[in-house]
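Peer 1: sharing a sequence plus its predicted fold:
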Amino acid sequence: MTNIILSIVSQRTDQDIALGIEPPIDSIDYLPFGTRSLKMAVRGDFRGEVIVRPEPFETDPERIASYAAESRAIKFSWGGGWERGVELENKPGTTKYIFFNVTHRGDEAAEFYTTTIFAFDEDMEELGRLEVTLNRPENLPETLLTAEWQVEDTESDLVIENKTPATVAQVPLYMARWWPPEKVTYAPVDVAGPPPKITLNCLRNVGDGFSIVHIMAENEGDPQPRMLARVDGDIQFPLVDGRQITADLYFMAGHWALRLWFFWLDKGVARRPQTRGRTVEERRAIERWSLDQEIPDAERLDLVFNKELNLVYLCTDLHWHEMWAPYENRGEVLQASISATKKLEVLIRGAAGVKIIARSEAEKRLPDPDRVVIPSDIVQERLRNPHQVQAEGDITHKHTPFFHDVEFDAELTSSDVLKG
């Protein structure tokens, strides 16, 4: 009988688990009122396409997500445009790695949630399953930051702050996206101190498809917030529905780390209640977006800043590689974009610039493709408008995050995370 074995991977190495040095993991902590990653290993003697997803699956065929059993407080999502679940090609004797985004919402943090993660063949015949428990972190602090939307027509604020100022809110220690820990641990108050207030000011212009998010931070007593960054590009689709953009604040070695999440999970957003009252032109524009985007998908930007609210490090992902860069604050607002690309695959490498290791035919014909500086040469040269990278081909838009005029070093760029 052919089968697939699923296992959870955390900072305890998957090799140790396979060798019996460490017991298999069937539970992790969820991040209360936030989003964390669930990393899994897939192996077995089955040869062919494998589709992995938690159950129950969303009943609305245009919403691409799964949920915990008997609760919609936990949502599982993924990217890659795979509508039936995470897809991979399995070969006997190999191990593949996959990832789910686990988002907790609601007013309460339950002691635990359960789900069953299934592996199917291309005909959706079961190949294997794993029962998973998502636990509330031990010693969950009494005071946490809360995120609340202040919604208007085309401008909305996502405000993350301490709603009980009589006590200091605690934030979790930083969790890597691709190498997630098993447990969620909170920074002690006497180490981290009071966290800043974070505001995401979201501007949505449905007419021309131009959207902006201003990220602001503010320490208690500051006369005004400090603008950390400005994100624009192909983000109008997540901004239609506040559930598809979120942020989590972490403590990281004496610094704050803000993770911004952008999700593309709903192909039917044009017909949702939040679009009622809009003009026919606006609704048609939203409908066009839903046909044009890679759904499902998820992108993140990590902004690391010090207690004085100065950015010091930046992190994002490109073609399944994590990239870090030191950032020197020159008194200017950091510019970042999420571009809608078509058949454009690049990887930033090299201390002095950018190396393209996976590129379309269009990039191969450009002069000196292995040494460019982002975004002035390759990226800006291929712009269809100031916020979209256009390569040859006509496929659904993928979403490529990048920071303007920031160079990434090979020493701070990971290997392919799908390989472990």
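Peer 2: Nice, thanks for sending it over.
Peer 1: averaged pLDDT, stretch 225-237. What do you get?
Peer 2: Regarding stretch 225-237, the rounded mean pLDDT is 86.
Peer 1: please renumber so the chain begins at 38
Peer 2: Okay, using 38 as the starting number, the last item reads as stretch 262-274.
Peer 1: CA atoms only: put that stretch into PDB for me.
Peer 2: Only the C-alpha atoms of stretch 262-274 are listed here, as PDB (Å, rounded to 0.1, in the frame of the first residue of the first chain):
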ATOM      1  CA  PRO A 262       4.000  59.000  15.500                       C
ATOM      2  CA  ARG A 263       7.000  58.200  13.500                       C
ATOM      3  CA  MET A 264       6.600  57.000   9.900                       C
ATOM      4  CA  LEU A 265       8.600  53.700   9.600                       C
ATOM      5  CA  ALA A 266       7.700  52.700   6.100                       C
ATOM      6  CA  ARG A 267       5.400  53.200   3.100                       C
ATOM      7  CA  VAL A 268       4.200  50.100   1.300                       C
ATOM      8  CA  ASP A 269       2.500  50.300  -2.100                       C
ATOM      9  CA  GLY A 270       2.000  48.300  -5.200                       C
ATOM     10  CA  ASP A 271      -0.400  45.500  -6.000                       C
ATOM     11  CA  ILE A 272      -2.100  45.500  -2.500                       C
ATOM     12  CA  GLN A 273      -5.400  46.900  -3.400                       C
ATOM     13  CA  PHE A 274      -7.000  43.400  -3.300                       C
END
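Peer 1: how far does it sit from its chain's centre?
Peer 2: 15 Å (C-alpha atoms, centre = their mean, to the nearest Å).
Peer 1: do stretch 42-49 as well
Peer 2: 20 Å.
Peer 1: which residues does that stretch contact?
Peer 2: 51, 54, 59, 61-65, 75-81, 89, 134, 154, 156, 165-167, 169, 216-219 (C-beta atoms under 8 Å, 6 or more residues apart in numbering). Heads up, the C-betas are built off the backbone N, CA and C, glycines and all.
Peer 1: repeat that with 7 Å
Peer 2: With C-beta atoms under 7 Å, 6 or more residues apart in numbering as the test, stretch 42-49 has contacts from 54, 59, 61-63, 65, 75-81, 89, 134, 154, 156, 165, 167, 169, 216-219.
Peer 1: swap in stretch 138-153?
Peer 2: 67-75, 91-92, 105-106, 108, 110-115, 166, 168-173, 177, 335.
Peer 1: could you redo the last one with a cut-off of 8 Å?
Peer 2: Contacts of stretch 138-153 (C-beta under 8 Å, 6+ apart): 64, 67-75, 91-92, 103-106, 108, 110-115, 166-173, 177, 280, 283, 298, 300, 335.
Peer 1: among the contacts of stretch 42-49, name the ones in strands.
Peer 2: 65, 75-81, 89, 134, 154, 156, 165, 167, 169 (DSSP state E).
Peer 1: nearest to residue 454 among those?
Peer 2: Nearest to residue 454 among the ones in strands among the contacts of stretch 42-49 is residue 134, at 7.0 Å by C-beta to C-beta.
Peer 1: in the stretch 38-187 of the chain, where is pLDDT below threshold?
Peer 2: Along the stretch 38-187 of the chain, segments meeting pLDDT under 70 span 38-39, 48-61.
Peer 1: all strands of it, in order?
Peer 2: According to DSSP state E, counting those that start in this stretch, the stretch 38-187 of the chain carries its strands in the segments 41-46, 64-66, 72-81, 85-92, 103-105, 108-114, 123-127, 132-141, 149-157, 163-172, 183-188.
Peer 1: repeat for the stretch 238-387 of the chain
Peer 2: Going by DSSP E, counting those that start in this stretch, the stretch 238-387 of the chain shows strands at 247-255, 263-270, 282-289, 292-301, 334-342, 348-355, 358-363, 371-378.
Peer 1: show me what the fifth one packs onto, helices and strands only.
Peer 2: Yep, that's strand 334-342 we're talking about. Applying 3 or more C-beta pairs under 8 Å, 6 or more residues apart in numbering; DSSP states H and E, one finds that strand 334-342 contacts strand 263-270, strand 292-301, strand 348-355, strand 371-378, strand 435-440.
Peer 1: report the inter-axis angle for the longest one versus strand 72-81.
Peer 2: In this case it means strand 292-301. 70 degrees (axes from the mean of the first three to the mean of the last three C-alpha atoms, to 10 degrees).
Peer 1: so for strand 292-301, mean pLDDT?
Peer 2: Rounded mean pLDDT across strand 292-301 is 96.
Peer 1: pull the CA atoms of it into PDB?
Peer 2: Output of strand 292-301 as PDB, limited to C-alpha atoms (Å, rounded to 0.1, in the frame of the first residue of the first chain):
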ATOM      1  CA  HIS A 292      14.500  45.500  19.300                       C
ATOM      2  CA  TRP A 293      11.000  45.400  18.100                       C
ATOM      3  CA  ALA A 294      10.100  43.400  15.000                       C
ATOM      4  CA  LEU A 295       6.900  44.200  13.100                       C
ATOM      5  CA  ARG A 296       5.700  41.500  10.700                       C
ATOM      6  CA  LEU A 297       3.200  42.700   8.100                       C
ATOM      7  CA  TRP A 298       1.000  40.100   6.400                       C
ATOM      8  CA  PHE A 299      -0.800  40.500   3.100                       C
ATOM      9  CA  PHE A 300      -3.200  37.700   2.100                       C
ATOM     10  CA  TRP A 301      -5.000  36.900  -1.200                       C
END
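Peer 1: distance between that strand and the chain's centre?
Peer 2: That offset, for strand 292-301, works out to 7 Å (C-alpha atoms, centre = their mean).
Peer 1: and residue 227, helix, strand or coil?
Peer 2: helix (DSSP: H, G, I helix; E, B strand; the rest coil).
Peer 1: wait, residue 214
Peer 2: Residue 214 is classified as coil under three-state DSSP.
Peer 1: wait, it touches residue 337, no?
Peer 2: Yes: proximity of residue 214 to residue 337 meets the contact threshold set by C-beta atoms under 8 Å, at 6.3 Å.
Peer 1: now do the shared contacts for these two.
Peer 2: By C-beta under 8 Å, 6+ apart, the residues touching both residue 214 and residue 337 are 296, 354.
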